[in-house]
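**Q** I need the structure of the sequence given here:
(one chain, ligands or ions: 1)
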Amino acid sequence: MNKLILASASPRRKEILENFQVPFDIIPANVEESIHEGEEAKQIAMALAFEKALNVLQYCEADDIVIAADTVVYKNEIFGKPLNYEDAYRMLNLLQNDIHVVISGIAVMQKSTDIKIVDFESTKVKLKKLEHERIQKYIESGEVWDKAGSYAIQGKGSLLVDWIKGDYFNVVGLPISKLDDILRKYFKIELM
Ligand SMILES: Cc1cn([C@H]2C[C@H](O)[C@@H](COP(=O)(O)OP(=O)(O)OP(=O)(O)O)O2)c(=O)[nH]c1=O
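**A** Reported below is the predicted structural model:
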């Protein structure tokens, strides 16, 4: 089987892929994650996932299959990772008591076949109403910093969530079911 390479420094993406019986290596991508004004969330997530995979492809063997993802949160505007305490507070205050979408772009590519697939998955999340003190307490828990939208559904952020509609793993950062579709269709690889 061709070797899978996860182009990611995210421990969550690694953990999700580790649930399956396929061996893979990790090579973190080195790209500038800039968001351009006016672009749609799904376009940004797909463009960044594509750039990450392309960046890592140069370090791979011709038959290796490179997988990259990028996750953004969207509600009227695009929320990436918080820059500081105020930014995290602003995001959580805007997201609380309402529905937003979490969009992950996913890119899968291989040099030898020149296959380059890019797609996205979207999951709706409703956050509970959060009082000022609760937002403060959550930020102080320390888990918000490297998370798009300033929360982690897999951590203490689970307590902030009212409901979700769609793929949970997409919120955590890797749309695993969509990835399986791509691997089966284009590379004849089964995660099952
Ligand atoms: C909304 C949400 C996001 N996140 C994370 C997933 C992503 O790791 C992160 C968004 O940042 P990304 O830029 O998508 O990824 P990353 O920089 O962590 O890793 P890499 O580019 O090396 O692959 O937010 C959670 O872990 N839980 C959540 O509930």
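
**Q** I would like the residues contacting the host helix or strand of Asp181, please.
**A** Assigned by DSSP states H and E, Asp181 belongs to helix 176-187. For helix 176-187, the surrounding residues in contact (C-beta atoms under 8 Å, 6 or more residues apart in numbering) are 2, 16-17, 19-20, 65, 67, 106, 108, 110, 115, 117, 119-121, 167, 169-170, 189-192. For glycine as for every other residue, the C-beta is placed from the backbone atoms N, C-alpha and C.

**Q** 10 Å instead, please
**A** Outside of helix 176-187, the residues that reach it under the criterion C-beta atoms under 10 Å, 6 or more residues apart in numbering are 1-2, 4, 13, 16-17, 19-20, 22, 65, 67, 69, 104, 106-110, 113, 115-121, 166-170, 175, 189-192.

**Q** how many neighbours does the closest residue to Leu130 other than its chain neighbours have?
**A** Among residues not flanking Leu130 along the chain, Gln96 sits closest, at 3.9 Å (C-beta to C-beta, 6 or more residues apart in numbering). If you count neighbours by other C-beta atoms under 10 Å, Gln96 ends up with 19.

**Q** what does the one 10 residues further on give?
**A** Each residue near Ile106 was counted by other C-beta under 10 Å, and the total is 27.

**Q** Give me the nearest residue to it, chain neighbours excluded.
**A** If you skip the residues right next to it in sequence, Ile106 has Ala69 as its closest partner in space, 5.0 Å away by C-beta to C-beta, 6+ apart.

**Q** Which helix or strand contains that neighbour?
**A** strand 65-75.
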